[in-house]
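J.: Give me coordinates for this.
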Amino acid sequence: MDPELEPHSSGSDGQEGDHPAPKRVKRGSVRRKPACQACRRRKVRCDNAQPACGFCCANETECVYVTRGDDGCKQEMKQVLERLDTLSQAVDNMQNMLSSRGRAAEWQRDYLRIPAGRCSADTVLTWPIFQDQFRESSLITTLFHYSHGASEDRSTESWTLPDGLQYTPDEQIPTLVDRFIQNVHTKNPILDLESLIRSGRHAAEFGLQWDAQSCLVLLACALGCISQPFTTSIQFPQTARSLHDGMGWRAPGFNSSSGTPLREGEAYFMMACRRIGLLRYSVIGAQCHFFAGVFLMYTFRPLSAWNHFYQASTFYRLRLRLVDGLDKSVYEAEQSGASVTQRLEQSLYWSCFKSEVEIRVELPLPQSAIAEYEYPALFPTPPTLSEEYPGRRDQTSDWANSENTNQSPHDDPAGLSERGVYNHVSKLFNEEQSWYYYLTEVALRRIGNRVLNAFYREAPSTWSNIKPLIPMALEFESQINAWFANLPPAMQAYYESDPTLSNTGQRYTTDIQDSISRELSWALSNRFLEIRLWLYQPFLFFAVHHPMSTASPATDNPTCPLTKDGFGIVQGLVESGLDCSNKILQARCLRHRHHGIWFDLRALVTASLIFIALARSGNVSLPNIHPGGLRSHLSRTLEALTYWEDEAPDIKKARGTLDNLLRDLS
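T.: Next comes the predicted model:
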């Protein structure tokens, strides 16, 4: 108890009643010293003895105290959240910049929705410079005509196990779950990892069940099979042949006779799909659909992935309606602090929302009901700010129990002590680093959606009148730069500032935490480049279709009365767009299979088409590039597309389209 409050708690009857002391006593009594971690996990009273409490002494266990007020990690995370909140509010003020276009109010209300497929490679192919060579959605039509790895009649009926593929043994499950945590969960920290590890080891010892927990374990195994550390991908990339003929990369200690990691992952995924239909409208049901979508993105099936992300969002939305009744109950829960379940729900909301939007940027698909609901919290609550931290993981939530009725609470296979599982998770997963990345991703998703709504609600032809877009572009550019400047140093362009990262044979490290750090910073760099290209694309369109030389400025265009200063600003934005496109070509052609690999390749195609359009027009000088040398400039892009095209028919078509355009250009 606070020493200053002790006299008030033991004062006499008459005199204390006239003062506000009793209220202080009530508040002070709640602010007792926190229990040690062992007592918190077992939910027993702790006597707070130092250096070890009585319970730990009696049981000969390690006694660890964590003082939340002195937790440096908590303070750092609070600072990051404060920065994000400040910048997010600044972005909200962008509505003033849109008032001149007469749609500010609509844009501000509808930031949860985006215009689908308006800034993709397919849209660039419809620009006038290509003279109607391509119809709308010319590249993505293959996604709707073909199904991945199966004939049309089979694929439209159900998921089926490929011929000759055998199920892998259960004893591999813990190893695969660990790989999932290291390689996949770091980008979407939406699971209770201790619960997942326990479920995985329980399945390895007692066999898989038909419950939701087993479904989630199988999806983790599927992703564990096909994922690998970032530095391993760039140091020892698979050849195009090894990717499919059984010679692909395999983690040390992981042995199986059932074929390549892709085929093994497919086997686990098929087993999970047989259980997905049994899921209830719960958070864990939504989590299963979400990671099914992640697996399908890893394996170049964006249309099927969108279906699972859509289902995850629907499960989540229905869960709110069925369990909470009214949305306001969630808001009220937010006011009283985030519990474990609420924190997981927050993260799941943002992951579902982000994943749906990412696909709709490229494909003209509908939005789920999650877009009708604005979550009360601007950002998900990091676990280090939760009242339960760090004794949060063992708490049993309603969604974990509601579907796992077959597992006995007394089952504790292979020495799964609470301390042992906690330490195991700590070795696999850097929580602080992952949440820095995740919070920034959420923030960038919000500002990215605003850029899309500001510039892409109308057809590209409206960009010929570029003047009204200039002040918005400058303000958005300022906001994006502010976001970048407020990143933690370790997250600021780690990949871009370390060119040796992509050079085979140099700076390779087997340290998994270093690999995760590199991947997260690389992914954030790609996200910034993506949003910047959305911002600059209207100005690149303008440069393609209007003279940009200083001797003949675009001020001759009666629909675009640019001043000399305005023309100079447009030139600067075009140059920034060229620089951004070049960086995309350099950064996103790595042969690293991950959740965003399909988006990487689509971004490469978009940037390449912009260069081809500029070369065709001749309105802008391309530094160190002449039309005959553009193929050499895009060689790494063509190699990356060729590397993956056997798995993705739309990528194969895009590579062929680039080849033909480059041939015509030369």
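
J.: residue ranges for the helices of the stretch 551-666 of the chain, please.
T.: 564-587, 597-617, 630-633, 635-644, 649-665 (DSSP state H, counting those that start in this stretch).

J.: looking at those, which is buried most?
T.: Most buried of those, by mean neighbour count (mean count of other Cβ atoms under 10 Å): helix 597-617, with a mean of 24. From N, CA and C alone the C-beta is placed, and that goes for glycine too.

J.: Average pLDDT for it, rounded please.
T.: The pLDDT scores in helix 597-617 average 97.

J.: Check which helices and strands it is in contact with.
T.: helix 121-124, helix 283-298, helix 340-362, helix 512-545, helix 564-587, helix 630-633, helix 635-644, helix 649-665 (3 or more Cβ pairs under 8 Å, 6 or more residues apart in numbering; DSSP states H and E).

J.: For A52, give me phi and psi.
T.: Main-chain dihedrals, A52, degrees, to the nearest 10: phi -140, psi 140.

J.: okay but it is in contact with C63, surely?
T.: Yes - applying Cβ atoms under 8 Å as the test, A52 and C63 come out as touching, 3.8 Å apart.

J.: shared neighbours, those two?
T.: C36 (Cβ atoms under 8 Å, 6 or more residues apart in numbering).

J.: before we move on, the earlier item: and of the helices of the stretch 551-666 of the chain, who's closest to I276?
T.: Nearest to I276, of all these, is helix 597-617, at 21.6 Å by Cβ to Cβ.

J.: can I assume L176 is in contact with I226?
T.: No - L176 is not in contact with I226 according to Cβ under 8 Å; the separation is 10.1 Å.

J.: Export the helices and strands packed on helix 597-617 as CSV, with columns for mean pLDDT.
T.: Formatted as CSV, the helices and strands packed on helix 597-617 follow (pLDDT from 0 to 100):
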stretch, mean pLDDT
helix 121-124, 96
helix 283-298, 96
helix 340-362, 89
helix 512-545, 92
helix 564-587, 93
helix 630-633, 92
helix 635-644, 95
helix 649-665, 95
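
J.: Now render those as CSV, adding distance to P380.
T.: Output for those, formatted as CSV (distance: least, Cβ to Cβ, whole Å):
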stretch, distance to P380
helix 121-124, 32
helix 283-298, 13
helix 340-362, 4
helix 512-545, 16
helix 564-587, 27
helix 630-633, 41
helix 635-644, 32
helix 649-665, 32
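
J.: Would you mind telling me which of those is nearest A371?
T.: A371 sits nearest to helix 340-362 of all the helices and strands packed on helix 597-617, at 7.7 Å, using Cβ to Cβ.

J.: what's the closest non-adjacent residue to V425?
T.: Spatial nearest neighbour of V425, excluding adjacent residues (Cβ to Cβ, 6 or more residues apart in numbering): L193 at 4.8 Å.

J.: That neighbour against H185, yeah?
T.: Yes - with contact defined as Cβ under 8 Å, L193 counts as touching H185 (7.0 Å).

J.: Need the overlap of contacts for these two.
T.: With Cβ under 8 Å, 6+ apart, L193 and H185 have common neighbours F429.
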